[in-house]
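Engineer: Here's a sequence, model it:
(chains A and B)
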Amino acid sequence: MNQQATETRVGAPDAAQAATRRNELLWRVAITIGPIVASLAIAGCVLLAVGVNPLTYYAYVVDRGLLSPLGLQQTLTRMAPLLFIASGLIVAFRSGMWNLGGDGQYLLGAVAAAAIAPVFVQVMPGWLALFLSFVIATAVAIAWSIVPALLRAYQGVNEIITTLMMSFLGVSFANVLVKLVFLDPGTTVPQTRTLPVDDRLPRLFDTTVTSGLVLGLVAIIAVHLVMTRTSFGLRLRVVGANPNAAVHGGLNVPGLTLAVFAISAGLIGMGGAIDIIGVQGNVRADWNPAYGMAVIPVVFLARMNGFAAIGFVFLLSVLSIGGESAARRLGVPQHFTLVLVSIVLITLAIAEYLDHRFNEKRRA
Amino acid sequence: MKPTPDRPQSQPPIITLDSVTKRFPGVVANDSVDLEIRAGEVHVLLGENGAGKSTLIGMLSGLLQPDSGRILVDGVETPIRSPSHALSMGIGTVFQHNMLVPTLTVAENLALGGDWWRRPRIAELTVRASQIAQQLGIEINLDARVSELSLGEQQQVEIVRALLRDSRLLILDEATSMLTPKGIEELGALMRRLVDRGLAVVFITHKLGEAADFGDRVSVLKLGRKVGEIAPERLSRLDRSELVDEIVAMMFGRQAGDAAVSIPPRSGNDDALLDVRGLTVARTADAPGLEAISFRVGEGEILGVAGIDGNGQKQLAEALAGQRPVIGGSVLLAGQPLDAMDVGGRRRLGLRYLTDDRLGEGTVRTFPVSINYFLKQIGEAPLWRGGVERAGEIDRRARELTHRYDVRAASIATPIGRLSGGNIQKVLIARELADGARAVIFNKPTYGLDLANTLATRQRIRDIAGQGLAVLLISTDLEELLSMCHRIAVLSQGRIVGIVENGDGAAERVGRLMIGLAA
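Structural biologist: Take a look at the predicted model:
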């Protein structure tokens, strides 16, 4: 009864409401930026402990990843595959399905593209060859998710375990394919045939940035709009937020589960294909950038919002391009980028907890 | 067996609950409950599932904090902050689900919970434990692994563990649910010895017979409210059958504030709108099945379904709505068979199901109120066009429903989980009654609602029956059924054991059918 008395009837928003909304927005920004600043400080302590001046490191990373023209172009190029992975993860996570098999799906997509594109360009127009290799790479990645998808949809087997295990298998399998099946006989280095630079996706204007970036942006924005604005996206979100409500509401939960796995793995496989036909040109043996695992925290940081994810993917790209340069120059291992991202995630989780406590107190 | 009437009177209460209220999102679990617990008494808390017993125990044992009201320990207002705080004040609880570590021995289990920096004094504990066990006349093998003991023996260990902490009050939550009849008898005798030693025992059960057999004082909970208490001096004067009658009257009888009986008039039309023939559902690991359920509900008729909770009510509702697979029988709406249809198809034809699990399956609590109105219509015109959401149309319709069903929410963008139970229920009712409802299944529609919302919901049901809809009203509140149904079917262990015309004497007949006696 009490609660009801304090709740008011639906009415037009007034000035006071606008002010609270502004305050809430400020709080939201603080709760997002604050942890990042705190993590920079904590990671700085780690750098100090290994004898590197954190300010030098951060300045170098920012310079190489963001400020120098070449670095910025590399950063934007790196974003292309990462955006595809982020969009694939957003679909899965928003639907409450934890596809942690990104690395396997990504590598298999990449290997499929690397196996097909150099052959196809010799027998058909370049655009068609790239398109077909893109589609086949997507199909291969989807195929790799079918077992976890069926197990989850019809047996309720936890997909966290199955996708992770399939990923280990997928990474090894991709390697086997490179070394045994698609090995380029023309070189001594174990790698697939190389797609000539001229046949790869065009670069944007006069830069070295791949046009795959545009495709990545299209993918993630499309995913965001589908998830937030369409009935299909709403169905997926209902399944993710409350599977019982989905059953009660008459949704075909197993069918939607299969669709989610296919879309998620497909998008991640596209990321692998884009990386090959746009940037790398071939797959070297034992190549595994492990982007899938690096993007997971990014998607959480973005709270599974597509637009926010673009920003955080950009940040991750700056850190990883800058971090790779810094690794060569300052001797800080490249994995430090992941250390930094992990610290950000943990501080963000703490911030989330504090935010929750704060809200509870305010409501009480 | 019964105590001498003079003794309990002289004892001041160990614990007093003064108008204690506890709310959970969507439900009022305890509504202004008063309770006094005295030494030397077995105080039985009796009530059906969902009556609020577990919540009450949660508050006594420090797991939950009341939202309002006071808890007095020895007459002094004392919040019970945590389970360890409760233990330190002498309140020991034996929970429904066993809390022993099966791989450890009995002695090791008894030593758990001591100070972590100290070596457990198992030898000393062993001596005390066997003393306590001896005084109570039970035998405990302290060296046995808990996994080797029967459930009854495990329970005795838990009781001894509580007494080791010098408990003055022992709470037994549904203690008999896992015991054999012999075990139950032994537990009864054990409780008697405990209260003879001056302890207070609170015994929670939903079984009427146990309350009559073991209790010195019986308090009856119903839908979160305490609806009656039988004091020891009265209880000792009643014989068992009189006692059972009195408790039945409390559990199922009329309460102050209940709506007056008002059965909506029906036009003479007796065509069966909803026709269920031989509906059969397989039993599952955690749910009873249904055996050849048949009934018909006419236009404008309210058919009640009575029964103790867990006798297949939910399965019946879900099978009708198309949410649960059936293995036989058929369902017809206005002569049209629904058996091949899924949830959405049945809904579009006009068969609606209002779930009793408002937060668990009825809503997505983080979604706004507006979307929650339309969870069963995702993708349908005019709210979606070509699969794309039309936000303006959704908001407009949501505002309209909010207004028409008097939903009190800050805005239609508010996450529905923040609404009170009554308002969530209004959203669900709006959803089910919208756009061409013809037959509506209400599953415990007033469960957990406060009085005002309860009455409003009942009136809403009468109104739609008055408009010619067929209503199947599933409720564990017999009074509710008697106040509005034309006929009442009684469900027991997945079968309809009888259908009673509402009228004089219906209460007694339904009540007897419910507890397994012939009408």
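Engineer: who in the stretch 151-300 of chain A is up against chain B?
Structural biologist: Applying CB under 8 Å from any CB of the partner chain, one finds that the stretch 151-300 of chain A approaches chain B through A:229-232, A:234-235, A:237-238, A:241-242, A:244-245, A:247-251. All C-beta spots, glycine's among them, are computed from the backbone N, C-alpha and C.
Engineer: Just say helix, strand or coil for residue 29.
Structural biologist: Here I'm looking at chain A. For residue A:29, the assignment made with DSSP: H, G, I helix; E, B strand; the rest coil gives helix.
Engineer: Hmm, no, I was thinking of chain B.
Structural biologist: strand.
Engineer: Quick one: distance of stretch B:226-239 to the chain centre.
Structural biologist: Chain-centre distance of stretch B:226-239: 23 Å, with CA atoms, centre = their mean, to the nearest Å.
Engineer: For that stretch, measure first residue to last.
Structural biologist: From its first residue to its last, stretch B:226-239 covers 23 Å (CA to CA, to the nearest Å).
Engineer: tell me the mean pLDDT for that stretch?
Structural biologist: Stretch B:226-239 comes out with an average pLDDT of 84.
Engineer: With stretch B:402-417 instead?
Structural biologist: Mean pLDDT, stretch B:402-417: 89.
Engineer: buried residues in it?
Structural biologist: Within stretch B:402-417, the residues that count as buried by 16 or more other CB atoms under 10 Å in any protein chain shown are B:402, B:405, B:407-412, B:414-417.
Engineer: Can you name the residues that contact residue 171?
Structural biologist: All of this is about chain A. With contacts taken as CB atoms under 8 Å, 6 or more residues apart in numbering or on different chains, residue A:171 has the following neighbours: A:103-104, A:107, A:288.
Engineer: The chain in question should be chain B.
Structural biologist: If you count contacts by CB under 8 Å, 6+ apart, then residue B:171 has B:57, B:60-61, B:91-94, B:201-202, B:204 around it.
Engineer: That one should be in a strand, yeah?
Structural biologist: Yes: assessed by three-state DSSP, residue B:171 belongs to a strand.
Engineer: what's across from it in the sheet?
Structural biologist: Using DSSP bridges, the beta-bridge partners of residue B:171 come out as residue B:93, residue B:202.
Engineer: I'd like to know how far it sits from residue B:108.
Structural biologist: Residue B:171 sits 24 Å away from residue B:108, going by CB to CB, to the nearest Å.
Engineer: what's the distance between the closest residue to residue B:347 other than its chain neighbours and residue B:200?
Structural biologist: Take residue B:347 and drop its neighbours on the chain: the residue closest to it by CB to CB, 6 or more residues apart in numbering or on different chains is residue B:376, 5.8 Å away. For residue B:376, the distance to residue B:200 equals 50 Å [CB to CB].
Engineer: What separates the first and last residues of stretch B:110-120, distance-wise?
Structural biologist: Using CA to CA, the end-to-end distance of stretch B:110-120 comes to 10 Å.
Engineer: Helix, strand, or coil at the residue in the stretch 201-350 of chain A positioned nearest to chain B?
Structural biologist: Closest to chain B within the stretch 201-350 of chain A is residue A:250: 2.9 Å, counting by CB to the nearest CB. Under three-state DSSP, the three-state class of residue A:250 is coil.
Engineer: okay, now it: neighbour count?
Structural biologist: Residues near residue A:250, counting by other CB atoms under 10 Å in any protein chain shown, number 22.
Engineer: do residue B:263 as well
Structural biologist: With neighbours defined by other CB under 10 Å, the count for residue B:263 comes to 15.
Engineer: Can I take it that residue A:270 is in a strand?
Structural biologist: No: using three-state DSSP, the secondary structure at residue A:270 is helix, not a strand.
Engineer: wait, which of the contacts of residue A:171 is closest to chain B?
Structural biologist: Chain B has its nearest neighbour among these in residue A:103, at 30.3 Å by CB to the nearest CB.
Engineer: So which residues of the stretch 301-450 of chain B form strands?
Structural biologist: B:302-306, B:328-333, B:336-337, B:351-354, B:384-385, B:388-389, B:439-443 (DSSP state E, counting those that start in this stretch).
Engineer: How about the last one and chain A, touching?
Structural biologist: No: remark: strand B:439-443 sits outside contact range of chain A, by CB under 8 Å from any CB, the gap being at least 11.2 Å.
Engineer: What does the residue of the stretch 201-350 of chain A closest to chain B show for phi and psi?
Structural biologist: When read as degrees, to the nearest 10, the backbone of residue A:250 gives phi 80, psi 20.
Engineer: All good on my end, thank you.
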